[in-house]
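Asker: Structural data only, the sequence is not supplied:
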């Protein structure tokens, strides 16, 4: 009897196990099919990095500390769509952006030739040319576009690259090209990567599982290989800032640099040629330092300046931060008097010294005077973000907290109500 | 979008052209059944020599998505086949290459070679045909192989008939 009971209970147990196994399999299937809702552009416009601070305002204190420390150093931020390709897309976008920012057509032309010659890398791992040529063509087309006028005349205008990268076909083709190149590079120079393989027994397994498939997130080893293959030979650097819950007050920065050149031999301007990625567990975006987006003085291209008046040369000193690339809209220069009245204009209080070559007073100079008088009257500009942040001494969390004081003389007496007067006036006509 | 589909058609035509130049030993034929639709191909897959599948030929249906080669083709067996990783009724195939490990470096022809390799290296741990997989998992190779041979004899076209 007892035996029978135990056998039936074990059968029941088995049944229950089977059920949970089935449930597990169903759950596994669901999770395998799960695709997060991704939205937003493939590559976003430049934004102020204050947005990051606001995003994490209510989060873990570690994130609040780190994002607060981030925004003074890194003025701008660019989102990349989180579709599993963000690391690849961020690196690809940054590659073109850095090249365009050199403003040197020769550098870009050299890079175009190098990319063309790298096809031999693909041939040497046994890829047929008809399999890769469509992808290579997209990369080369974009290099040609940014290496020519009008793109090359405005090296800080990201529009041509932004447009290309928000076209899914172009964007994905360029990513695929970089994936194939990285994969081939790892096959040909495996020594640097094999010691770091964890899950995959061979470099070929790793390449076919982690590098080549579309939509598979790039990992650290992949980033290293892509930088070795593409960025370092082009004399471009990459650094990644890790925004995670590790115990520190600032983001941890990892620099990928050419290890073969000693630090003393580094050329000047390396800061300008550095792509900065922001890594939050599972996702990459781009961030920019204050100096990345425009040099201290930048001559406006003659084409745009000529719209204002024949011989005006404008040199602009840029302020510490701005939320939008001011060079995007050419109307900024001819329309300076107007733009002084909007927020964008006020963000550049350092706009000075506009001189016509013949020394005459231009409309711009007049506008400048207007700005100065305006500045005397108005208190220093405060953005809403600054006012509500703890950098403001009026914020209770500031170390030097100083509450706003009101004196009796500052109380503004309300103006007499006009409507009451009117009523009194009409009273005379009653009856 | 227009440029994308033009690039896709160009690639497919090139793949077709190449597969006609270099015969794939795994296939008896590979081409679109209807010349006007390049996105739909058919192939005849040969059973691997020296395996229980030897001598059989299976018709396989290949549907190519608009974002090919970024996304993999959808491949199904039309002819019934007994294999742990192929659904016996729908012909659906469970293979990493057709899902997470797909890459633009593959072609339709090389994918078919990979499917032929799958015939002789089944993964009984992720089965679509549980009966075949459990035979294999329990170590009954003889039972498994004779079941496969039965299905080859019963359903597959025979290589000798083709000639």
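Answerer: Great, that's in hand. Quantities reported herein were computed from a predicted structural model and do not represent experimental measurements.
Asker: residue boundaries of the strands in the stretch 51-200 of chain A?
Answerer: For the stretch 51-200 of chain A, the strands defined by DSSP state E, counting those that start in this stretch occupy A:76-80.
Asker: longest helix in chain B, by residue count?
Answerer: helix B:2-21 (DSSP state H).
Asker: Which strands or helices does it pack on?
Answerer: Here helix B:2-21 touches helix A:129-146, helix A:168-188, strand B:27-31, helix B:108-120, going by 3 or more C-beta pairs under 8 Å, 6 or more residues apart in numbering or on different chains; DSSP states H and E. C-beta coordinates here come from the backbone N, C-alpha and C atoms, glycine included.
Asker: Contact residues of chain A facing chain B?
Answerer: Residues of chain A lying close to chain B (C-beta under 8 Å from any C-beta of the partner chain) are A:127-128, A:130-132, A:134-135, A:168-169, A:172, A:176, A:179-180, A:183, A:208-209, A:212-214, A:216.
Asker: Now restrict those to buried residues only.
Answerer: A:127, A:131-132, A:134-135, A:169, A:172, A:176, A:179-180, A:183, A:208-209, A:212-214, A:216 (16 or more other C-beta atoms under 10 Å in any protein chain shown).
Asker: List the contacts of the spatially closest residue to residue A:137 that is not a sequence neighbour.
Answerer: In this structure, residue A:137 finds its nearest non-sequential neighbour in residue A:173, 7.8 Å apart by C-beta to C-beta, 6 or more residues apart in numbering or on different chains. Counting by C-beta atoms under 8 Å, 6 or more residues apart in numbering or on different chains, residue A:173 touches A:134, A:135, A:137, A:138, A:139.
Asker: any chance of those in a markdown table, with pLDDT too?
Answerer: Listed next are those as a markdown table, based on pLDDT from 0 to 100:
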| residue | pLDDT |
| --- | --- |
| A:134 | 88 |
| A:135 | 92 |
| A:137 | 92 |
| A:138 | 92 |
| A:139 | 94 |
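Asker: Between these, which sits nearest residue A:201?
Answerer: Of all the contacts of residue A:173, residue A:135 has the smallest distance to residue A:201: 28.3 Å, by C-beta to C-beta.
Asker: That closest one contacts residue A:169, doesn't it?
Answerer: No: using C-beta atoms under 8 Å, residue A:135 makes no contact with residue A:169, being 10.4 Å away.
Asker: The helix or strand residue B:58 falls within vs strand B:27-31, what angle?
Answerer: Taking DSSP states H and E as the criterion, residue B:58 maps to strand B:56-63. Here strand B:56-63 runs at an angle of 20 degrees relative to strand B:27-31 (axes from the mean of the first three to the mean of the last three C-alpha atoms, to 10 degrees).
Asker: Past strand B:56-63, which element shows up next along the chain?
Answerer: strand B:74-77.
Asker: what bits of chain A have low per-residue confidence?
Answerer: For chain A, the stretches with pLDDT under 70 are A:1-19, A:32-38, A:259-269, A:294-387, A:399, A:403-431.
Asker: can you tell me the residue of chain B closest to chain A?
Answerer: The minimum distance from chain B to chain A, using C-beta to the nearest C-beta, falls at residue B:103 (3.4 Å).
Asker: who are the neighbours in contact with that residue?
Answerer: Residues near residue B:103 by C-beta under 8 Å, 6+ apart: A:179, A:208, A:212, A:213, A:214.
Asker: Please name the residues that touch residue 91.
Answerer: No chain was given, so I picked chain A. Counted by C-beta under 8 Å, 6+ apart, residue A:91 has contacts A:178, A:218, A:223, A:226, A:227, A:231, A:238, A:275, A:277, A:284.
Asker: could you do chain B instead?
Answerer: By C-beta under 8 Å, 6+ apart, the contact list for residue B:91 reads B:61, B:76, B:77, B:78, B:79, B:80, B:81.
Asker: got it, and residue B:138?
Answerer: With C-beta under 8 Å, 6+ apart, residue B:138 has no contacts at all.
Asker: Check residue A:252 too.
Answerer: So residue A:252 contacts A:241, A:242, A:244, A:246 (C-beta under 8 Å, 6+ apart).
Asker: residues in contact with residue A:183?
Answerer: Contacts of residue A:183 by C-beta under 8 Å, 6+ apart are A:125, A:207, A:211, A:212, B:105.
Asker: Shouldn't the last one be within a helix?
Answerer: The reference is to residue B:105. No: applying DSSP: H, G, I helix; E, B strand; the rest coil, one finds residue B:105 to be coil, outside a helix.
Asker: and it, how many residues sit next to it?
Answerer: 23 (other C-beta atoms under 10 Å in any protein chain shown).
Asker: just the first one next, same as before
Answerer: Neighbourhood size, residue A:125 [other C-beta under 10 Å]: 16.
Asker: how much space is there between the nearest residue to it once chain neighbours are set aside and residue B:11?
Answerer: Once flanking residues are discounted, residue A:125 sits nearest to residue A:184: 4.5 Å by C-beta to C-beta, 6+ apart. Separation of residue A:184 from residue B:11 (C-beta to C-beta, to the nearest Å): 19 Å.
Asker: of these two, who's got more company?
Answerer: residue A:184 (27 against 20).
Asker: So the more buried one is in contact with residue A:120, correct?
Answerer: No: contact criterion C-beta under 8 Å: residue A:184 and residue A:120 do not qualify, at 9.6 Å.
Asker: Tell me who's in contact with the residue in the stretch 201-350 of chain A positioned nearest to chain B.
Answerer: Residue nearest to chain B within the stretch 201-350 of chain A (C-beta to the nearest C-beta): residue A:212, separated by 3.4 Å. Contacts were defined as C-beta under 8 Å, 6+ apart; by that measure residue A:212 touches A:179, A:180, A:183, B:101, B:103, B:104, B:105.
Asker: Noted, bye for now.
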